[in-house]
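A.B. asks: Got a predicted model here, sequence first, then my questions.
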Amino acid sequence: MLRIKKLDIFIAKQFGLLFMGTFFICQFVLMMQFLWRYIDDLIGKGISMDVMAQFFWYMGLMLVPQALPLAILLSSLMTFGNLGESSELTAIKAAGISLMQAFRSLIVITVIIMFGSFYFQNNVGPHSNQKLAQLLISMKQKSPELEIPEGIFYDGIPNCNLYVQKKDLNTGKLYGIMIYRMTDSYEDAAIILADSGMLQSTAEKKHLVLSLYSGEWFENMKSSEFGNSAAVPYRRETFVSKKIVLDFDADFNLTDASSLANNAKGKGLSEIFHSIDSINGLYDSIGKNYLSEANARFYRTTQVNKADSLKEIKKGQTENFDTLYNKLSNDKKLRALNDAQMTAQQELTDLNFKAMVTSDADYIIRQHKIEAIKKFTLALSCLIFFFIGAPLGAIIRKGGLGFPVIISVFVFIIFYILDNTGYRMSRLGTWTIWFGQGLAPAVLAPIAVFVTYKATNDSTVFNMEMYKMFFMKLLGLRIKRHVFGKEVIIEEPKYTEDAQRLEKLNSDIYIYNKVHELKKLPNFINVFFKYQPDNEIERISDELENVIEDLTNTRNKVILHNLNLYPILATKAHTRPFERQWLNILAAIIVPVGIVLYLRMWRFRIRLYRDLNTIKQSNANIISQIKEM
């Protein structure tokens, strides 16, 4: 019987608070990213606050399904990262509660969010998408605010280029005005010059009234009736004051929603399937009409009566078209070739036009199918992101907004690239729709299974210290020794015994250097094919560590200083590249790899030689210091 435990409530509260915060952060980031895509179309249009409020409202509703997976990823990672960092996750496991049991309450919450996301996409999202698309088109079509600059031509007024030399911001008066006004064509352009003027909008905001003072009007009077004449009439008018009415619709008009009938994002599942059936039925009938037209125009067959058919069968002969063509005169041959070429060109043009119509239908159908599948995949990504974020938080054990944010952004970028690539390829018809839309979940689902498995088995796959040690070992880097004086010493070092042991180590090091000749190149065969462990250097290292361990209890600062000078010996790096014999043989066979590893071995031998000399010098210093005590 399922029971709600206090642990489930505790984890759910931690997750809920973080989820609310991260959701609004993700929503804000996505809204800003969406806004920057259309900022050029919206800025400077003088759009009222109520229209902008509708735009942000519908934009926020549209982006909710995209913000949910990222918020779940970040909040689940932070929740279990905080529990791990404060050792609460360790206490939970020590109480006999497995990690999957700790996930239980959040899995239920994530499933509820997943179904809520699907419901939102199928019911609320389409309406928001439709309204947002309608607002965007209307905003793009709205005329910009009239802001005439000084010293350059302004083309914001339809069929008119306006130049103003100077303007008075206090009175609104314009000086040094030049206007190029086009009516039907560039041949009919009018040029208007004026010393000053005023520009005002009518009450209904449909027209502009331009009042001009002390100017001239030049206009080309060329029209169709004078098209063939050499002389082109024009008129010139000088005026003291004149008013010109210009068309300029500065009001906001909402676009008719019927133009967005093929917008797949603005439809639920039932509407999408209904639209697909309607489009298929419509274009099936169009295809049948195209076929009947093609048969009638280009593939028609001549009717032959039964008597003529039987007569030709009795002859048993077939007509050769080349022979018939060669019997024609040159004029008829040319006429036949021209007729055939014209017929082929007409058919090609007709087929290209019909292909454009049918390709548009295929594109619309693909868009509808993509949106139908996307409603499921986007909801499923909520669950996938939870099983990535929560196990990663349990493994990394880092809370806050630092490392979890980096991991979340990295995972979401991978998801976004895969999802966007699949969408574009599916939309163009390069990939099948199910493959393109299922690419991102198919890639991330195995990752979620992998990290969940590693988290439940307490794997160190994401232990940074392990990778740090691996790369330090690979590059030949070492950790420096740090020995500090102890405030409380229970047992004093055995100085006399330690000095004797150090003297013995110096003689052993001398013999070791003489026997192994570390400065010389190692034997290639012994390194890769006849490996023998170096037990002597391992014994020297163990003996040295024992002496150092005993001398760490000293109060003598000189001895402590010399203890920090001891290097940490790598007892196996100078003997062979790998632990496994078959890897050494394989490395020797692969020539470039073998040479690199062989030179690396030589480097480690030289480093060991220097370390042994450093140990001898430090031993001598400590022995002399002990004798002075």
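C.D. replies: Sure thing, it's come through.
A.B. asks: how many neighbours does residue 288 have?
C.D. replies: 10 (other Cβ atoms under 10 Å). Using the backbone N, CA and C atoms, a C-beta is placed for each residue, glycine as well.
A.B. asks: quick one: residue 6 and residue 13, what's the gap?
C.D. replies: Distance, residue 6 to residue 13, using Cβ to Cβ, to the nearest Å: 11 Å.
A.B. asks: Look at these two and report which has more neighbours.
C.D. replies: Neighbours around residue 6 and residue 13, counted as other Cβ under 10 Å, are more numerous at residue 13. The numbers are 12 against 7.
A.B. asks: Run through the stretch 301-450 of the chain and note the low-pLDDT ranges.
C.D. replies: 301-306, 308-321, 401 (pLDDT under 70).
A.B. asks: Helices of that one, start to end?
C.D. replies: Ranges of helices within the stretch 301-450 of the chain are 306-315, 321-326, 330-396, 403-428, 433-456, based on DSSP state H, counting those that start in this stretch.
A.B. asks: those strands in the stretch 151-300 of the chain, which residues are they?
C.D. replies: 153-154, 160-167, 173-181, 190-201, 207-220, 234-247 (DSSP state E, counting those that start in this stretch).
A.B. asks: in the fourth one, what counts as buried?
C.D. replies: Judged by neighbour count using 16 or more other Cβ atoms under 10 Å, the buried positions of strand 190-201 are 190, 192, 193, 194, 196, 197, 199.
A.B. asks: Quick one: mean pLDDT for it?
C.D. replies: Mean pLDDT, strand 190-201: 85.
A.B. asks: Just the residues contacting that strand, thanks.
C.D. replies: Taking contacts as Cβ atoms under 8 Å, 6 or more residues apart in numbering, the residues outside strand 190-201 that touch it are 146, 148, 172-181, 183, 207-220, 242, 244, 248, 250.
A.B. asks: Now the buried members of those.
C.D. replies: 174, 176-177, 179-181, 207-208, 210-212, 215, 217, 219-220, 242, 244, 248, 250.
A.B. asks: Next one: residue 551 from residue 539, what distance?
C.D. replies: 19 Å.
A.B. asks: what pLDDT does residue 230 get?
C.D. replies: 48.
A.B. asks: actually residue 174, not the one I wrote
C.D. replies: pLDDT, residue 174: 87.
A.B. asks: Between residue 551 and residue 539, which is the more surrounded one?
C.D. replies: Neighbour totals were compared for residue 551 and residue 539, and residue 551 leads with 22 against 14 (other Cβ under 10 Å).
A.B. asks: just checking, the more buried one touches residue 559?
C.D. replies: Yes. Using Cβ atoms under 8 Å, residue 551 is in contact with residue 559, at 5.9 Å.
A.B. asks: Can you check which residues contact both of these two?
C.D. replies: Residues touching both residue 551 and residue 559 (Cβ under 8 Å, 6+ apart) are residue 622.
A.B. asks: How far away from the center of its chain is the helix or strand hosting residue 131?
C.D. replies: Using DSSP states H and E, residue 131 sits in helix 125-141. From the chain centre to the centre of helix 125-141 is a distance of 25 Å (Cα atoms, centre = their mean, to the nearest Å).
A.B. asks: For it, buried residues please.
C.D. replies: For helix 125-141, a neighbour-count test (16+ other Cβ under 10 Å) marks 125-126, 128-139 as buried.
A.B. asks: now, which of those sits nearest residue 276?
C.D. replies: residue 126 (15.0 Å; Cβ to Cβ).
A.B. asks: what's the neighbour count on residue 27?
C.D. replies: By other Cβ under 10 Å, the residues close to residue 27 number 19.
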